[in-house]
Structures are given as C-alpha cells and as structure tokens.
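Peer 1: give me a 3D structure for the following:
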Amino acid sequence: MTQALWWTLSIALIVIGLAGIVLPALPGTVFVFAGILLGAWIDDFTRVGGFAVGAVAVLAALAWLMDYVAAVLGAKRAGASRLAIIGAALGTVAGLFMGLVGVLFMPLVGAAIGEFIARREHGQAVRVGIATWLGLLAGMLAKFVLAFMMIGIFVVALLW
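Peer 2: Reported below is the predicted structural model:
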C-alpha cells in the first residue's frame, strides 16, 4: 500500500471513531486510537513517539471507562433498578434503528420503561429515565472532549 492510502485509512479510522462517540454500536475512542496508532506507525514513530502514543492510550482507556460509568452513575444516583439499566441498554440498541434522535432519546425511554416495570411508579420511572439520559449525555460529552484531546496530541506531535 502506498503511504497516501495508509494516511487515508488513518484519517478514516479517526473520523469513524468520532462518529462512534455518538453511535453506541461503534467503539468510538478505540477507532480514534487505532487511527492515531496507525498514523504513528506510518511515520515509524519518529514524530509521534512512545510518549504521545502512551498519552493517547491513557486517554482512550479513560474514555472507554466513561462509556460505562456515566450512565450507570446517573441511573444509580436516581435509585434505578436493575431493570431500568437493562431498559436503557435495550433502548440504546433500539435507538440505533431510529437515527440520531433515537440514539439520543431511546435510552431515556428504555430506562423509564424498565423502572416502571420494576416498581410501577410513574414519577420514579421518569426520574430514573431522565437521570440515565443525563448520565449518557455527560459521558458522551466527556468522550468527545477526550477524543479531541487525543487528536490534539497526535496533531501536535505530528507537526512539532
């Protein structure tokens, strides 16, 4: 493969990774990290060395952790049942088939339905749904910030 094709693949992985931050079916920060690692490899790690790749790897791991922690913390803080958390996960999967709006709002619906099934209380179900949704949005925002930090480190190392 020519270097131009390798660089195109590297950039494509980073762009797909950014899309994956919003779409839960794609491991966004993993793709961003893979694109950065490929970019470093293309250049034989001369400009983007071990320190930069290590820093990006730490940020990728932190972003991956945020994926799981944020929604669960939001749900747990509102006193969510196990069914609410399962409902949020199922809502996320269902939302994939409904486009961006579905991805953003179906976890809220799934968590609320799961909580309602578990406790049969409307007010609690709505609170848990909203708390889970806010947790997901906070996690998504944190992943965006971390992904752009990863890209920033890569670009600075590449151009420095």
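
Peer 1: who touches the residue nearest to the spatial centre of the chain in this structure?
Peer 2: Note on the chain: the residue nearest the mean C-alpha position is residue 21, at 3.8 Å, using C-alpha atoms, centre = their mean. Contacts for residue 21 (C-beta atoms under 8 Å, 6 or more residues apart in numbering) come out as 28, 29, 140, 143, 144, 147. Backbone N, C-alpha and C define where each C-beta goes, glycine included.

Peer 1: so which strand or helix has it?
Peer 2: helix 3-22 (DSSP states H and E).

Peer 1: turn the contacts of residue 21 into JSON lines, including neighbour count and secondary structure.
Peer 2: Output for the contacts of residue 21, formatted as JSON lines (neighbours: other C-beta atoms under 10 Å; DSSP: H, G, I helix; E, B strand; the rest coil):
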{"residue": "28", "neighbour count": "25", "secondary structure": "helix"}
{"residue": "29", "neighbour count": "27", "secondary structure": "helix"}
{"residue": "140", "neighbour count": "20", "secondary structure": "helix"}
{"residue": "143", "neighbour count": "26", "secondary structure": "helix"}
{"residue": "144", "neighbour count": "16", "secondary structure": "helix"}
{"residue": "147", "neighbour count": "24", "secondary structure": "helix"}
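
Peer 1: among these, show me the least confident.
Peer 2: Across the set of these, residue 140 stands lowest in pLDDT, at 83.

Peer 1: okay, the contacts of residue 21 in JSON lines with distance to residue 119 next?
Peer 2: Listed next are the contacts of residue 21 as JSON lines, based on distance: C-beta to C-beta, whole Å:
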{"residue": "28", "distance to residue 119": "33"}
{"residue": "29", "distance to residue 119": "35"}
{"residue": "140", "distance to residue 119": "27"}
{"residue": "143", "distance to residue 119": "31"}
{"residue": "144", "distance to residue 119": "33"}
{"residue": "147", "distance to residue 119": "37"}
